[in-house]
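> Mind folding the following:
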Amino acid sequence: MKTGVLVHGCNLNIENWRYVAWGDPPLEMGRIPQGLLTAVELDADVIVFGTGASRKEFRLGQSEKTGRILVEAEYSLEFLQLHFDNLRSFAAWKSAVPAASDDAAWEILKRSLLARIRLDMQSQNTVEEIRNAGEIFLGEGIGRAALVSSPSHIVRCLRDACSVFTPDSRFSGFCHSVHAVPASTCYEGSSAGDVVVVEPPHRPDRHVVPTHRRIQRMLALQKLSPGELVRLIEEFDDLLQRYEQKFFNG
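Okay, the predicted model is just below:
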């Protein structure tokens, strides 16, 4: 079965992009090394580097693109090309990839993996990333897809993949074989445990109030001005405290 791997892009202007995207050897693998390792383990035919709305001047090493403004996918590829050999610093690569201990085999693997990478240059968000990767997978006859991102992002990636692939009959060749693979690194100050999943009501022994729709409405207000958003949160917090006092105080 032909396999495609989507390595989700990472906003270039976040705090500590290098840690989230690359990681900290030997144990903490970021999105790029985890994506490449997943491609090796699944013998992937295509590796898509996703992108988002951010752009930044590349200044992390000397290449022909140093000094140019790049989108996330380009930026990630340039970083990978300059640091590819450092993949061998990660313990998981040493244990799972025999070529990591043989220089000649490593060079062959490097050329092979770099040749499989495709860049998504257009996406502005996660849904578009998945749809564009799906179009690439479709053209390559992919039968299995793997999504790679941070632990605090991968749940939403899988949700978006289900919402993009399942309704579109063009993606039927792989929509029933989509896998989510977490890297080791999260955004600064966050962890997988900070993710809140609000499912639609489905249990007969619990309430049937569609709380998730209210949360969706609140999240849709992210483009409010900072001052208005703070006021919204403060008012919401006051309301929560009133009901928390009733609930926890009997």
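
> For the chain, which segments count as strands?
Assigned by DSSP state E, the strands in the chain fall at 3-7, 23-24, 28-29, 46-49, 55-57, 69-71, 117-119, 144-149, 178-182.

> Pick the most buried one from those.
Most buried of the strands of the chain, by mean neighbour count (mean count of other CB atoms under 10 Å): strand 3-7, with a mean of 29. Any C-beta I mention is one placed from the backbone N, CA and C, and that applies to glycine too.

> mean confidence for it?
Average pLDDT, strand 3-7: 98.

> Find the centremost residue of this structure, please.
In the chain, the residue lying closest to the centroid (CA atoms, centre = their mean) is Ser149, at 2.9 Å.

> For the strands of the chain, give me JSON lines that also has distance to Gly193.
Compiled in JSON lines, the strands of the chain are given as follows (distance: least, CB to CB, whole Å):
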{"stretch": "strand 3-7", "distance to Gly193": "23"}
{"stretch": "strand 23-24", "distance to Gly193": "19"}
{"stretch": "strand 28-29", "distance to Gly193": "16"}
{"stretch": "strand 46-49", "distance to Gly193": "28"}
{"stretch": "strand 55-57", "distance to Gly193": "29"}
{"stretch": "strand 69-71", "distance to Gly193": "31"}
{"stretch": "strand 117-119", "distance to Gly193": "32"}
{"stretch": "strand 144-149", "distance to Gly193": "16"}
{"stretch": "strand 178-182", "distance to Gly193": "13"}
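
> hang on, the earlier thing: chain neighbours aside, what residue packs nearest to the residue nearest to the centre of the chain?
Closest residue in space to Ser149, ignoring its immediate chain neighbours: His8 at 4.0 Å, by CB to CB, 6 or more residues apart in numbering.

> next one: stretch 118-134 to chain centre, how far?
Relative to its parent chain, stretch 118-134 has a centroid offset of 11 Å by CA atoms, centre = their mean, to the nearest Å.

> Sorry, wrong one. I was asking about stretch 106-119.
Distance, stretch centre to chain centre, for stretch 106-119: 20 Å (CA atoms, centre = their mean).

> Have a look at this protein and report the helix or strand with the lowest mean pLDDT.
In the chain, the helix or strand scored least confidently by mean pLDDT, DSSP states H and E is helix 211-219, which has a mean of 84.

> From Ser177, how far out is the residue nearest to the centre of the chain?
18 Å (CB to CB, to the nearest Å).

> Gly141 now?
In terms of CB to CB, Gly141 sits 13 Å off from Ser177.

> returning to that earlier point: the residue nearest to Ser149: what's it in contact with?
By CB atoms under 8 Å, 6 or more residues apart in numbering, His8 lies in contact with 31, 50, 126, 129, 147-149, 153, 157.

> between those residues, which is closest to Phe247?
Phe247 has its nearest neighbour among these in His153, at 31.2 Å by CB to CB.

> since we're on that closest one, how many residues are nearby?
Neighbours of His153 under the rule other CB atoms under 10 Å: 21.

> so the lengthiest helix in the chain versus helix 211-219, what angle?
Ordering each helix of the chain by length in residues (DSSP state H) puts helix 226-248 first. Put simply, helix 226-248 runs at 150 degrees to helix 211-219, going by axes from the mean of the first three to the mean of the last three CA atoms, to 10 degrees.

> What mean pLDDT does helix 226-248 get?
91.

> C-alpha coordinates for it, CSV please?
This file holds the C-alpha atoms of helix 226-248, laid out as CSV (Å, rounded to 0.1, in the frame of the first residue of the first chain):
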residue,chain,number,x,y,z
PRO,A,226,-7.5,42.2,22.3
GLY,A,227,-9.5,44.5,24.6
GLU,A,228,-12.8,43.0,23.5
LEU,A,229,-11.5,39.5,23.8
VAL,A,230,-10.3,40.1,27.3
ARG,A,231,-13.7,41.5,28.3
LEU,A,232,-15.4,38.4,26.9
ILE,A,233,-13.2,36.1,28.8
GLU,A,234,-13.6,38.1,32.0
GLU,A,235,-17.4,38.0,31.7
PHE,A,236,-17.4,34.3,30.9
ASP,A,237,-15.1,33.7,33.9
ASP,A,238,-17.5,35.6,36.2
LEU,A,239,-20.4,33.4,34.9
LEU,A,240,-18.4,30.2,35.4
GLN,A,241,-17.5,31.2,38.9
ARG,A,242,-21.1,31.8,39.9
TYR,A,243,-22.1,28.3,38.7
GLU,A,244,-19.0,26.7,40.1
GLN,A,245,-19.9,28.1,43.6
LYS,A,246,-23.3,26.5,43.3
PHE,A,247,-21.9,23.2,42.0
PHE,A,248,-19.0,22.7,44.3
